[in-house]
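Chemist: Any chance you could fold what I've pasted below:
(one chain, ligands or ions: 1)
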Amino acid sequence: MKCKICSREAEVSDFCPLHLEAYRNVVEKYAVWEKALGIEWEEYLVQIQKNSLTGEWAKEVVKDIITRESIDVRKN
Ligand SMILES: [Zn+2]
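Modeler: Residues are numbered from 1 along each chain as shown. Presented below is the predicted three-dimensional model:
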C-alpha cells in the first residue's frame, strides 16, 4: 500500500510513517483545542491549516482530511 499523500510505502495505514505521525499529532492536538476553546473539528482543521506554525507534513494531512470529508472551507 502506498501513502495517499506522498506515495511512499505505507505499511499499516493509508499514510507512510511520516504522514501517520503528523496525522496522530493533528488528532491529539485537537483534543487540547477542543477542551480549551470548544472548537469544532472542521474549524480546527481550517485554523491549523492557516497557521504558519503548522508543519508541512501536518498541513498535507489536514488538506487530505478536508478533501476527504468535503469540508467547505470557504464559509470560514
Ligand atoms: Zn506520506
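Chemist: Tell me where the longest helix sits in the chain.
Modeler: helix 17-37 (DSSP state H).
Chemist: on contacts alone, who are the packing partners of it?
Modeler: When contacts are defined as 3 or more C-beta pairs under 8 Å, 6 or more residues apart in numbering; DSSP states H and E, helix 17-37 packs onto helix 41-50, helix 56-68. Any C-beta I mention is one placed from the backbone N, CA and C, and that applies to glycine too.
Chemist: Which helix or strand contains residue 11?
Modeler: Under the criterion DSSP states H and E, no helix or strand holds residue 11.
Chemist: Show me which residues of the protein sit near the ion.
Modeler: Within the chain, the residues that sit near the ion (C-beta under 5 Å from the ion) are 3, 5-6, 8, 16, 19.
Chemist: ok and the longest helix of the chain relative to helix 56-68, angle-wise?
Modeler: Here helix 17-37 points in a direction 80 degrees away from that of helix 56-68 (axes from the mean of the first three to the mean of the last three C-alpha atoms, to 10 degrees).
Chemist: any idea of the mean pLDDT for helix 17-37?
Modeler: Here helix 17-37 scores 96 as its mean pLDDT.
Chemist: Buried residues in that helix, which are they?
Modeler: By neighbour count, with 16 or more other C-beta atoms under 10 Å as the criterion, the buried positions of helix 17-37 are 18-20, 22-23, 25-26, 30, 33.
Chemist: thinking again about what came up before, name only those of the residues of the chain next to the ion that count as buried.
Modeler: Judged by 16+ other C-beta under 10 Å, buried ones among the residues of the chain next to the ion: 3, 5, 16, 19.
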